[in-house]
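>>> Mind folding the following:
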Amino acid sequence: MFALQQDDVPAPRRAPAIWRTMLNLDRGLVNLVGQLTVTGSVPRELRGKPLLMAANHIGVFDAFVLMAACKRIGINPRFMLAGGILDAPVIGPALRVSGHLRVDRKEAAAQATTARGQFDEAAEALRTTREPIIVYPEGRISHDPGLWPERGKTGAARLALAAGVPVIPISQWGAHEAVYWGTETVNGPGDLLPLVRSGLSAPLRRPRFQVHFGAPVDLSGVEPERPGAGVRAHAKIMQAITDGLIPLRRQEPIRPRFYDPTRPTDTVSPWKPRRQPGR
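Predicted structure coming up:
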């Protein structure tokens, strides 16, 4: 990995005012909660062009850390978000105006939209956007006891192949220390107490947030038309994320030092290194 040099960072393309405001507020929040270290970057030749960025998912705070890291290297990311988030009061309209992409399978089914039609629309949106789109291939925060990436789903890989866009792997570590996992569904104020308590204590603990932007994943050997192309591309993307994660957690190769009593640990990562680093 290599440290980011400020001289290598081109000025970011101007984003919608509301999204610029949210990114600036986010940067202040992340700096208040912990210490952010960013390594790697996005090649200059890929900036201002369609680009998919795939990140591991380690906690409820990691999206905020990713936004701050992207701001640090001079890009204005968008996220691929569930329709429920974009339809939420207050935050939903702000996110829609900011240009985030919608993933809404349930609504599409209710409107008799075919799965293929929705996929084609998403691929076209990815192909034509000028801002990098961040996705979580795992689909949820990892349940692996060691917090290594879960198996994930092939949707992001298949979208990248269909749209013909490069994929940048993002590896991150430390955001899981800011706020507890909490619960799968919120049924009342009591379910939010663990998140609030852990979040309020984070500025006192000052966790270290590490984000690494890896080299573009080489998908040149994956032929989109051949059966299983999505599976092969997905494996390459997840392996690249894991490879970037290993140096970030060199002191915690087996389990996180930070103990979150609320996080499930009922799956096993297929990407976890067989030989633990340093052994």
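
>>> Run through the strands of the stretch 51-200 of the chain in chain order.
Secondary structure of the stretch 51-200 of the chain by DSSP state E, counting those that start in this stretch: the strands cover 51-55, 78-82, 101-103, 132-135, 167-173.

>>> any idea how far residue 38 is from residue 246?
Here the distance between residue 38 and residue 246 works out to 17 Å (Cβ to Cβ, to the nearest Å). The C-beta positions use only the backbone N, C-alpha and C, and glycine is treated the same way.

>>> Just want to know which of these two has more residues nearby.
Per other Cβ atoms under 10 Å, whichever of residue 38 and residue 246 has more neighbours is residue 38, with 20 against 17.

>>> Torsion angles phi and psi at that one?
phi -120, psi 130 (degrees, to the nearest 10).

>>> residues touching it, list them.
When contacts are counted by Cβ atoms under 8 Å, 6 or more residues apart in numbering, residue 38 touches 4, 69, 72, 73, 210, 211, 212, 213.

>>> and the gap between the fifth one and residue 185?
To residue 185, residue 210 is 30 Å away according to Cβ to Cβ.

>>> Looking at the two, which is more packed in?
residue 210 (22 against 6).

>>> low pLDDT regions in the stretch 101-250 of the chain?
103-115 (pLDDT under 70).

>>> cutoff 80 now
Scanning the stretch 101-250 of the chain with the threshold set as pLDDT under 80 gives 101-118.

>>> What segments of it are helices?
Per DSSP state H, counting those that start in this stretch, the stretch 101-250 of the chain carries helices over the ranges 105-110, 115-128, 155-163, 193-205, 229-248.

>>> So for residue 32, which of those helices sits nearest?
helix 193-205 (5.7 Å; Cβ to Cβ).

>>> so what does the closest one touch, helix or strand wise?
Applying 3 or more Cβ pairs under 8 Å, 6 or more residues apart in numbering; DSSP states H and E, one finds that helix 193-205 makes contact with helix 17-33.

>>> Beta-bridge partners for the residue most central in space within the chain, please?
The residue lying closest to the centre of the chain (Cα atoms, centre = their mean) is residue 55, at 3.6 Å. Beta bridges link residue 55 to residue 170, judged by DSSP bridges.

>>> And the pLDDT at it?
pLDDT for residue 55: 98.

>>> Now do residue 175 against residue 128, distance only.
Distance from residue 175 to residue 128, by Cβ to Cβ: 31 Å.
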